[in-house]
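Colleague: Coordinates only, no sequence provided:
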């Protein structure tokens, strides 16, 4: 698959991290910031890094933002600059726009302006950490949209030797086992015959309330 090109506007902690990761994967990345120090710091990391103001449509056009497949607007606390930059990038014809929001009201405004994805980093990371702190068996999880998540569950001692079929995941919790990792080996759960071992990483698919209910039941039984 051909790598997409990215313009990241705002090179603070969040923006510079996103831009650096995208560049590390071999994508063409343009970084833009008003602060010369932020631009200089990433000059050797990104394909191109320029000093420009996200509020200035002409400056964004001159930087070539309209030629990029995706724009990530990571401007921090300046609400006006964030909104104006979103409008300008949309007008320049960028196909996909992701924007960092400051709060839920800001989220609604950006959505109405046509942002494809609005990110609330602190809220999303907070929810992620809260899930894992609430149930230490959950190592990680990924949202698939429409209420569905995949969780990485560390198999506890009480499930050692238990088969997937015996767990009655679908019947009792409306969950599906996708597979298990045992050290570096992936094990299929397709026929339900797999017997788990303590410490396996079990991948479960389901809706958040059902996953939470199952995790709480496991925790209560320990």
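Modeller: It's in. Since we're looking at a predicted model, the values are computed, not measured.
Colleague: residues making contact with stretch 78-92?
Modeller: Stretch 78-92 has contacts (C-beta atoms under 8 Å, 6 or more residues apart in numbering) with 7, 9, 53-57, 60-61, 65-66, 71, 73, 75-76, 97, 99-102, 106, 109-110, 113-115. Placement of C-beta: from N, CA and C, glycine included.
Colleague: go with 7 Å
Modeller: With contact meaning C-beta atoms under 7 Å, 6 or more residues apart in numbering, stretch 78-92 is reached by 9, 54-55, 57, 60-61, 65-66, 71, 73, 75, 97, 99, 102, 106, 109-110, 113-115.
Colleague: Also stretch 177-185?
Modeller: With C-beta under 7 Å, 6+ apart as the contact definition, stretch 177-185 has outside contacts at 150, 164, 169, 186-189, 194, 196-197, 200-205.
Colleague: Which of the contacts of stretch 78-92 fall within strands?
Modeller: Among those, the members found in strands (DSSP state E) are 9, 71, 73, 97, 99.
Colleague: Just the buried residues of those residues.
Modeller: Neighbour counting by 16 or more other C-beta atoms under 10 Å classes 9, 71, 73, 97, 99 among the ones in strands among the contacts of stretch 78-92 as buried.
Colleague: Spit out the contact partners of the third one.
Modeller: Listed by C-beta under 7 Å, 6+ apart, the contact set of residue 73 reads 9-10, 82, 85-86, 89, 97, 99-100.
Colleague: Distance to residue 42 and pLDDT for those residues - can I get that in a markdown table?
Modeller: Below are the contacts of residue 73 laid out as a markdown table (distance: C-beta to C-beta, whole Å; pLDDT from 0 to 100):
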| residue | distance to residue 42 | pLDDT |
| --- | --- | --- |
| 9 | 13 | 97 |
| 10 | 12 | 95 |
| 82 | 20 | 90 |
| 85 | 18 | 94 |
| 86 | 22 | 93 |
| 89 | 19 | 95 |
| 97 | 21 | 94 |
| 99 | 20 | 92 |
| 100 | 17 | 89 |
